[in-house]
Structures are given as structure tokens and as C-alpha cells.
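In: Quick check, what structure comes out for this input:
(one chain, ligands or ions: 1)
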Amino acid sequence: MALDTTEAGDSLEMAASIAVIAIDGPAASGKGTVAARVAQALGFVYLDSGALYRLVALQAQRKGVSFDDEPALAELARTLDARFDAAEIWLDTGRVTDAIRTEAISSGASQVAAHVEVRQALLERQRAFLRAPGLVAEGRDMGTVVFPQAALKVFLTASAEVRAERRYKQLMDKGLSANIHTLLQEIRQRDERDSARAAAPLKPAADAVTLDTTALNIEQAVDRVLHLWQHRQ
Ligand code: DC
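Out: Next up is the predicted model:
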């Protein structure tokens, strides 16, 4: 028994000493791309926490579970058989990398994420990504709830118009059709839902550095984050 307690204590201490960079921000702020590139530059693990909420929404859609049914959604979140494998994401035995990026699942993820029980069910799963030498975790509540010990917290923003334009270009590049006005409306709706919810709302941590990328490209945003990391206190 005594050995178990020591081991638990040791692993807690070890977890606390692993470097974490938390990058939070609204939909389509570019945080996914920025976080992945920062992780690559530093040789850190990368956590796309939004993908977990998207997987719960996709599983709910597949199993016919309503986005309002908190206990059933929490059960799906607890039992999710998900795997992150380089750039690919797997659910059960199928590849769902693209299936979780549709507008319907984006909206569904934002709805399932409003439930406290779902967030609770995903908490340990997110913390399990913590591995030496470090982790870059990206989402809405990385700095406020999941990794409050993060050595650097960045809140990435950009105007809703610029974010809608970026999303529009991404879809066009993929050969998909899109309407910029609808995209802007969806982004505003998602911002409103993610910021107004009671459970872990989207907001900068008290000790976060806000980085407005409205006038920055991806490389410039990555450089700013790396600079902040090198010059952290
Ligand atoms: O980052 P994203 O667009 O893939 O996230 C999809 C949704 O998941 C987003 O609208 C809100 C939710 N989410 C969350 O509530 N907390 C996180 N840490 C990450 C995402």
C-alpha cells in the first residue's frame, strides 16, 4: 500500500514537472495549425482537445443519441474507443479524420461540450496526453481547467470576419463549396455558445497572453508563440 502511495505521488510530481503550452481561442482562430507547428518545432506532444468533443458528437450522431441527452453523451465520452495516430484520427475501427470536420459535427461538438458530465468524462483522457519532454494542448479551456499549471498560456484570437475568410479558403482549397455569409454566421453562433456556457466557458486564463492573429499569417503566429516560450519567466 505504501508503495502505491509513493508511486502515485511520484507520478503526480512528474506530471507537474512536464512543460505544457496551453493554446486556447475561438473557432477557426488558427490555433490548431499553430499548436501543431509549435509542438513539432519543440518536439512536444500535441493535443487537439476539440477533436475529442467532435468524436463524442460523431458517435452520438451514429448511435442516434440527442445532443441534449447529457447522461447518454457522458457515457459515450467515457467509453469512446478513439485513437490519434500522427495526422489521422480513428473511432472504433474506422478512420474519421474528415468525418469529424463537417459543419454539422462542428455545431454538434459545441453543443455536447456544454454538458458538465461530458467535460468531466473527457478530463482524464486529455491529461493522459501529458508526456515528457512536453505538451502543446489546444482548445477552449486548456489554460483555465485542464492544464492550469501550464508554463505558457496563449489566447489566440482574430476577428470573426477574418476567421470566416480563412475557413472559406480552406474549404475552397479542398474543392468544397461554401458560403462566406453562412460561415460567418456559424462562427458567431459557435463563439456565442462556447463563451456563454456555464461549464468551462471560452475565456482567457488570468495569466494568458492574448495574441491577435487578424493581421498575422501562420508562420508569424508560430514565431510569436515560440518567442513567448523562449522568453517565458
Ligand atoms: O477546436 P474545435 O473547433 O475543434 O472544437 C469543437 C468544439 O468543441 C468547440 O465548438 C467547443 C468544444 N471544445 C470545448 O468546449 N473545449 C475544448 N477544450 C475544445 C473544444
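
In: From Lys31, how far off is Met142?
Out: Taking Cβ to Cβ, to the nearest Å as the measure, Met142 falls 10 Å from Lys31. Where C-beta positions appear, they are placed from N, C-alpha and C, glycine not excepted.

In: residues shared between the contacts of the two?
Out: Ile23, Asp24 (Cβ atoms under 8 Å, 6 or more residues apart in numbering).

In: And stretch 92-101, end to end?
Out: 17 Å (Cα to Cα, to the nearest Å).

In: wait, does it contact the ligand?
Out: No - figure legend: stretch 92-101 not in contact with the ligand (Cβ under 6 Å from any ligand atom); closest approach 8.1 Å.

In: For this protein, which segments count as strands?
Out: 19-24, 45-48, 82-85, 88-91, 94-95, 134-139, 152-157, 209-212 (DSSP state E).

In: now for the first one, which elements pack on it?
Out: Other helices and strands packing on strand 19-24, by 3 or more Cβ pairs under 8 Å, 6 or more residues apart in numbering; DSSP states H and E, are helix 31-42, strand 134-139, strand 152-157, helix 218-230.

In: just how off-centre is it within its chain?
Out: 11 Å (Cα atoms, centre = their mean, to the nearest Å).

In: so what strands line up beside that strand?
Out: Note on strand 19-24: by DSSP bridges, its sheet partners are strand 134-139 (parallel), strand 152-157 (parallel).

In: In JSON lines, list those strands along with distance to the ligand, mean neighbour count and mean pLDDT.
Out: Compiled in JSON lines, the strands paired with strand 19-24 are given as follows (distance: least, Cβ to the nearest ligand atom, whole Å; neighbours: other Cβ atoms under 10 Å; pLDDT from 0 to 100):
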{"stretch": "strand 134-139", "distance to the ligand": "3", "mean neighbour count": "26", "mean pLDDT": "97"}
{"stretch": "strand 152-157", "distance to the ligand": "11", "mean neighbour count": "24", "mean pLDDT": "97"}
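
In: just checking, Gly160 touches Asp191?
Out: In this structure residue 160 is Ala, not Gly. Yes - the criterion here is Cβ atoms under 8 Å, and Ala160 meets it with Asp191 at 6.8 Å.

In: show me what contacts the spatially most central residue of the chain?
Out: Centroid-nearest residue in the chain: Gly139, 2.7 Å away (criterion: Cα atoms, centre = their mean). Applying Cβ under 8 Å, 6+ apart, we find Gly139 in contact with Ile23, Asp24, Leu47, Asp48, Ser49, Gly50, Val146.

In: Out of those residues, which are close to the ligand?
Out: Counting by Cβ under 6 Å from any ligand atom, the members of these near the ligand are Ser49, Gly50.
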